[in-house]
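S.K.: Give me a model of this one.
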Amino acid sequence: AHYFEDEDVPVDILELGTVDFIEAGDPDHWFNLLDFLDNNDIKVEENYAYLQTQMDIDNFITYIIHCIYAGKMDWPGHNEAMWRPRTVDGKWRWIQFDMDQGLRAGVDSSYDMVNHVTNEEVLPHPLLTTLLKNNVFKNLFINTFADLINTSFLTEVEINHFTQMSDELEPYIPEFFDRWGFEFDWEENKILALDQIENRRDQRIAQVIDNFGLSGGSQITMMTDSSKGNIAINNLVINNETIGVLDPENWNGTFFNDLPVRIRAIPKPGYRFIRWESSSKIDQAEQDITIILDKDISLKAIFEVEAE
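M.R.: The predicted structure follows:
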């Protein structure tokens, strides 16, 4: 992400998720945030609304999920950093770095990372466990996890990304060995990494279900004529610009049961939404619907030319 292009904006940068290392600015605003959370019930709507003015909730959720999914086992409490612009409306955002734990040899890819950061007896992330007490945040966290496993964390997307990066690095591996005196089998380690990538999506889905006490996950199939409109689910718009979407006219994703999932029909200019056709009982005429899954469903959005 890029912020404040061509602007000289002072920032606070804290490392390790505490104030062990102050890279820039000072920790005063961070301490004030922690003090607020210590003294106010985050389940209260007004308190959660205030928190949203102090930190970028979506950024924090994406950061946490990325750490979980990638298997960042030497975290939290280590290798965590965040920053904020020192402005009146400056919000905390998180910085990702030092991800070598995820695909290294000897790492157990089946290790339950969701339990790792949510269980008070393991290595909980204190800010995450506090925010999970708020149901709005918890639903957003779980639904964002679903959004990512259906796009950026799709196995085929990860394999393509890994292959692209390993092909780019391959010509430099002999020089790397000579410079640092390492001796390991590059090809064997690639195979180990790919094996972890191929297995971890199903493992993380199962870990979310288990740790949040959900009844399971369900498949949603969504169909439409993409020349007339698209469908959005949670924070995803199902179109050719979304990572991992191969066919926006007949798309399938895995989403978690027992919590509200928002689905919207988005007509293109010159068209209007008419109705849903579905395998489940829904309000067919409502353009914006919310469902709670307990089984696989299919939905088709019907659009027509808008009358002049």
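S.K.: The most centrally placed residue in the chain is in what secondary structure piece?
M.R.: Centroid-nearest residue in the chain: residue 62, 3.9 Å away (criterion: Cα atoms, centre = their mean). Secondary structure from DSSP states H and E places residue 62 in helix 57-70.
S.K.: residues making contact with that helix?
M.R.: Here helix 57-70 makes contact (Cβ atoms under 8 Å, 6 or more residues apart in numbering) with 51, 75-76, 92-94, 96, 99, 101-102, 113-114, 116-117, 125, 127-128, 131, 137, 140-141, 144-145, 148-149, 153, 200, 204. Where you see a C-beta, it was placed from the backbone N, CA and C, and this is true even at glycine.
S.K.: ok, back up a step: how near is the residue nearest to the centre of the chain to residue 34?
M.R.: 21 Å (Cβ to Cβ, to the nearest Å).
S.K.: do residue 214 as well
M.R.: Applying Cβ to Cβ, the value for residue 214 to residue 34 is 30 Å.
S.K.: still on that earlier bit, for the helix holding residue 62, buried residues please.
M.R.: By 16 or more other Cβ atoms under 10 Å, the buried positions in helix 57-70 come out as 57, 59-70.
S.K.: Please identify which pair of those residues lies farthest apart.
M.R.: With distances taken as Cβ to Cβ, the most widely separated pair in those is 57 and 70, at 20.5 Å.
S.K.: Output the contacting helices and strands for the strand or helix carrying residue 84.
M.R.: Following DSSP H and E, one finds residue 84 within strand 81-85. Here strand 81-85 touches strand 11-15, strand 93-95, going by 3 or more Cβ pairs under 8 Å, 6 or more residues apart in numbering; DSSP states H and E.
S.K.: Send over stretch 88-106 as CSV, restricted to the C-alpha atoms.
M.R.: What follows is stretch 88-106, C-alpha atoms only, in CSV (Å, rounded to 0.1, in the frame of the first residue of the first chain):
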residue,chain,number,x,y,z
VAL,A,88,-5.9,14.2,14.1
ASP,A,89,-7.6,11.3,12.2
GLY,A,90,-4.5,9.0,11.9
LYS,A,91,-5.3,5.3,12.4
TRP,A,92,-3.1,2.4,13.3
ARG,A,93,-2.2,0.0,10.5
TRP,A,94,0.0,-3.1,10.6
ILE,A,95,3.2,-3.9,8.8
GLN,A,96,4.0,-7.4,7.6
PHE,A,97,7.6,-8.7,7.7
ASP,A,98,9.8,-11.7,8.5
MET,A,99,7.6,-14.6,7.2
ASP,A,100,10.2,-17.3,7.0
GLN,A,101,8.4,-19.6,9.4
GLY,A,102,5.6,-20.4,7.0
LEU,A,103,7.3,-22.6,4.4
ARG,A,104,10.5,-23.6,6.0
ALA,A,105,11.6,-27.2,6.3
GLY,A,106,10.7,-28.8,9.6
